[in-house]
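Trainee: Generate coordinates for the sequence data below:
(2 chains, ligands or ions: 1)
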Amino acid sequence: MSEDVAALSERILAAAANGRALCIRGAGSKDFYGGPLQGEPLDTIGLRGIVDYEPTELVVTARAGTPLAELEAALAERGQVLPFEPPRFGGGTLGGAVAAGLSGPRRPYAGAARDFVLGLRLLDGQGRHLRFGGQVIKNVAGFDVSRLLTGSLGTLGLLTEVTLKTLPRPPAETSLRFELDEATALRRMNEWAARPLPLSASSYHDGALRLRLSGAEAAVREACGKLGGVAFSGGDYWDGLRDQHDAFFKSAATLWRVSLPQTAPPLRGDAPQLIEWGGALRWLAGSQDAVALRRQAAELGGHATLFRGADKSAGVFQPLPAALAQLHRRIKAVLDPAGIFNRGRLYPEF
Amino acid sequence: MSATAMNAAPSASAAALLPRLRAALPGEALLTEAEDLHPYECDGLSVYRGVPLAVALPATAEAAAQVLRLCREAGVPVIARGAGTGLSGGATPRAGTVVLSLARLNRILEIDPLARVARVQPGVRNLAISEAAAPLGLYYAPDPSSQIACTIGGNVAENSGGVHCLKYGLTVHNLLRLKVATIDGEIIELGAEALDAPGYDLLALFTGSEGLLGVVVEATVRLIPKPECARVVLAAFDDLGKAGQAVADIIGAGIIPAGLELMDQPAIAAVEPFVHAGYPLDAAAILLCESDGTPEEVAEEIVRMEAVMSAAGATDCRVSRDEAERLRFWAGRKAAFPAVGRISPDYYCMDGSIPKKCLAAVLEAIRGMERKYGLRCANVFHAGDGNLHPLILFDANKPDELHRTEAFGGEILELCVRHGGSITGEHGVGIEKIDQMCVQFGSEELEVFHALKHAFDPEGLLNPGKAVPTLHRCAEFGRMKVHGGQLPHPELPRF
Ligand SMILES: Cc1cc2nc3c(=O)[nH]c(=O)nc-3n(C[C@H](O)[C@H](O)[C@H](O)COP(=O)(O)OP(=O)(O)OC[C@H]3O[C@@H](n4cnc5c(N)ncnc54)[C@H](O)[C@@H]3O)c2cc1C
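Mentor: Below is the predicted model of the structure:
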């Protein structure tokens, strides 16, 4: 264990001995996300730097406190990207991105954060420095604990190092805009996704369907010819969705994230809405009747998260069926037996 | 692992189980006669064998769950089984266990062309999904070479890969939702038809869990559009190292081929007379590098691929001119295992993975091991993602050859770990690589694996003795990974 990791491990051991809660934190860019923060802050920000980057392996390993901006700049120098486009929310570290498990506009077309996590190291609730997964793309030895940790919101351990798969930056990119009603836009997004087109993002808001196409020069050019629409320069627009600094997100003090099958029909109600991910993600601005929204989401095969909001009394995440809730409690006990990490951040009961 | 360790005597409660299983299942769905049990003695790795107490062949998800419930009540271990094509002994039973075959759960329940998903039972064959989706212009991307036979349930359990996984991902990347029967006989849902589900990513944890956490009774998989066109470059090299370098150069140039496979000289020599794929017999290695997409996109990419490979020292590059030629170039690769089976009485397929930059060094080291163990080895593998498949040729009838083969294979896997790789890229640990798990993981990580299994299966009845070694076993194997100079569990006896 390096000195800084050993120091963190000692603090974890001390907290575990006294049953004191710890609040794991990177840059704090996602403090708003999940249940209210509890416990003594435990910073990862000192764990900084790229450990190993081999562009020809499509693999990068960095310490958890490395700012996403630093990591992405290093990849950009070699013409590569993090294909899941993790939201940066104005800052953000690698560890926070993986712990939150959030993905940006390219998610339905390239994969989610968890799809690109190859391995990681963590300090568990007993202060043990563990290593799961690895530095290679193909690895099925042992249970996939790295992906289990992705999106676990720090409730299972403190990430110290993460290995991700990278991809080359697509050489060409174009964005298109279409004026359509919601139902037609949802159908089109799905129909187009069933054709071999180089889609890399999609959104629907205020009567406009927007698409991003990324890939080989020829493929993008041909696709534009087939799809029609009006071309626009999309860079800032898609960044605005990714980091939620777009006007829609900025004006939403309370924001619900509804995750649905891509073909789910339009949601009932008249809340301002922005659709992403080919129909699989529907953002609703303003307070909602949590119970009714969650019931509707469940009936459609999805779930609803209170993504941002001052009043979180409705619970942030959709409650789990009993059998799954029991598995969650048991898994939590495996890695954090004293229940000290990020109490209440994911579910109120742990 | 020795065969005797796998054949412990059945417990008394096991005898009481049979009448209860018989009552729960229709007559033909429970096999107990020796001749009926015979086909279930092993999987694709036939050197390990065991005769189970019974084989249950339920025809519904509920009946499968009921079998699990009854086995749990009787305290009898259960081994899930798909097509039995696994190459690590994962589906191999022990005496006194029940094999739960999912082979009769073989219906495609639904294909939704707009949502691009297929909902299938676990015993559906991998290729059957793509065949059913083909009229819609869609397919299921992960394509293990065994795809005509292996089941989706087995693919999930092993997180199987295939030739196209470099670009299109492994099983875990192409699953949306599983219905899983727990050892309690309850059916739970992991994942969702949405792109994520609340809580921990149990779908990912379950994928690749080798039947240790639960039994897949239904899977919803993603279908993707068939590319308009695909072409493959067949490149020859007079030196294995140059071929390895070409692999790194292709990726370094920002190209993600749809497939990137390498075959060495012994593999070419085994395949060509059998398949007549048109491989150059004088090459030290060939690369098959595929591009897919729109015709224009493919034309552009093929030119770049050829340029990179020529610069890396390819002595010859041939591009498939039509679909027939493309399939012919691939036919040799796809038939490589059976072809090797023709030139040697037996062969043993290994499955380590390494960073691509170590390809040349590792292949060189394997050549050295051939001399050390006095056995030949052919290499055909997923070069683009660094997943080796050394095929060790041996004759099981010659005393000592199997033993030397196992030692040879074990040394290759340990070499992969030393180079920062893994003991298994896609075939799973099963029984076969259980000792090498002690090399790849420390005792603390192994403890976490056991504790996670315990969370799903507190009595350890699901496929016990596979995939995760006990710490005691690692101590016996003498390869316990040591953390910070401290020998873990000094209280355990060492031999
Ligand atoms: C010639 C040949 C080529 C191969 N090529 C490849 C390849 O390219 N890539 C690759 O990844 N693999 C390959 N394999 C290995 C093998 O085909 C895969 O591991 C496959 O996924 C196994 O599927 P199966 O249905 O035969 O499973 P089985 O062998 O029956 O079982 C495999 C494991 O899965 C468990 N299991 C089976 N069904 C279920 C279920 N419903 N729920 C829970 N657990 C279950 C079993 O207990 C066992 O541990 C190859 C094998 C052969 C013989």
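Trainee: surely B:I148 meets B:R125?
Mentor: Yes - applying C-beta atoms under 8 Å as the test, B:I148 and B:R125 come out as touching, 6.7 Å apart. To be clear about C-beta, it is placed using only N, CA and C from the backbone, and glycine gets the same treatment.
Trainee: Which one's more surrounded, these two?
Mentor: Using other C-beta atoms under 10 Å in any protein chain shown, the more surrounded residue of B:I148 and B:R125 is B:R125, with 24 against 13.
Trainee: name the element residue 271 belongs to?
Mentor: Unless you meant another one, I'm taking chain A. Following DSSP states H and E, there is no helix or strand that holds A:A271.
Trainee: I was after chain B.
Mentor: Going by DSSP H and E, B:V271 is in helix B:265-275.
Trainee: Does the ligand have contacts with that helix?
Mentor: No - between helix B:265-275 and the ligand, judged by C-beta under 6 Å from any ligand atom, nothing touches; the nearest distance is 13.6 Å.
Trainee: could you say what helices and strands that helix packs with?
Mentor: Under the contact criterion of 3 or more C-beta pairs under 8 Å, 6 or more residues apart in numbering or on different chains; DSSP states H and E, helix B:265-275 touches strand B:285-293, helix B:323-334, helix B:336-343, strand B:376-382.
Trainee: Of all these, which one is nearest A:L327?
Mentor: For A:L327, the closest of the helices and strands packed on helix B:265-275 is strand B:376-382, at 33.2 Å, according to C-beta to C-beta.
Trainee: So for the closest one, mean pLDDT?
Mentor: The average pLDDT within strand B:376-382 is 94.
Trainee: can you check stretch B:182-194 too?
Mentor: Average pLDDT, stretch B:182-194: 98.
Trainee: can you tell me the distance between the two ends of that stretch?
Mentor: 23 Å (C-alpha to C-alpha, to the nearest Å).
Trainee: Let me see the contact set for A:G79.
Mentor: A:G79 is in contact with A:P55, A:P168, A:R169, B:G254, counting by C-beta atoms under 8 Å, 6 or more residues apart in numbering or on different chains.
Trainee: Find the closest residue to the ligand in the stretch 151-300 of chain A.
Mentor: Closest to the ligand within the stretch 151-300 of chain A is A:K165: 17.9 Å, counting by C-beta to the nearest ligand atom.
Trainee: Now for the nearest residue to A:I137 once chain neighbours are set aside, how many residues are close by?
Mentor: Among residues not flanking A:I137 along the chain, B:D385 sits closest, at 4.4 Å (C-beta to C-beta, 6 or more residues apart in numbering or on different chains). When neighbours are counted by other C-beta under 10 Å, B:D385 registers 25.
Trainee: Hmm, B:C165 and B:D385 touching each other?
Mentor: Yes - B:D385 lies in contact with B:C165 (C-beta under 8 Å); the separation is 6.5 Å.
Trainee: Residue 99 in helix, strand or coil?
Mentor: Using chain A. helix (DSSP: H, G, I helix; E, B strand; the rest coil).
Trainee: was after chain B, sorry
Mentor: Under three-state DSSP, the three-state class of B:V99 is strand.
Trainee: Quick check: it vs chain A, distance?
Mentor: 22 Å (C-beta to the nearest C-beta, to the nearest Å).
Trainee: Then B:T470?
Mentor: For B:T470 relative to chain A (C-beta to the nearest C-beta), the value is 14 Å.
Trainee: quick one: secondary structure of the closest residue to that residue other than its chain neighbours?
Mentor: With C-beta to C-beta, 6+ apart as the criterion, B:T470 has its nearest non-adjacent residue at 7.7 Å, and that residue is B:H450. With three-state DSSP as the basis, B:H450 sits in helix.
Trainee: and stretch A:260-270 with chain B, contact?
Mentor: Yes - for a cut-off given as C-beta under 8 Å from any C-beta of the partner chain, stretch A:260-270 has contacts with chain B, namely A:L260, A:P261, A:Q262, A:T263.
Trainee: Tell me how far that stretch lies from the chain's centre.
Mentor: 21 Å (C-alpha atoms, centre = their mean, to the nearest Å).
Trainee: So what touches it?
Mentor: Around stretch A:260-270, the neighbours that count as contacts under C-beta under 8 Å, 6+ apart are A:108, A:182-183, A:186, A:189-190, A:193, A:258, A:273, A:277-282, A:284, A:288, A:296-297, A:300-302, B:112, B:114-115, B:192-195.
Trainee: Cross these against strands and list the overlap.
Mentor: Cross-referencing those against strands under DSSP state E gives A:V258, A:Q273, A:L281, A:R282, A:L284, B:D112.
Trainee: low-scoring stretches of chain A, by residue?
Mentor: For chain A, no stretch has pLDDT under 70.
Trainee: which one among the residues of stretch A:260-270 next to chain B gets closest to B:L70?
Mentor: Nearest to B:L70 among the residues of stretch A:260-270 next to chain B, counting by C-beta to C-beta, is A:P261 at 35.1 Å.
Trainee: sorry, back to before: okay if I get the residues of stretch A:260-270 next to chain B as a markdown table plus neighbour count?
Mentor: Putting the residues of stretch A:260-270 next to chain B into a markdown table (neighbours: other C-beta atoms under 10 Å in any protein chain shown) gives the following:
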| residue | neighbour count |
| --- | --- |
| A:L260 | 25 |
| A:P261 | 21 |
| A:Q262 | 23 |
| A:T263 | 21 |
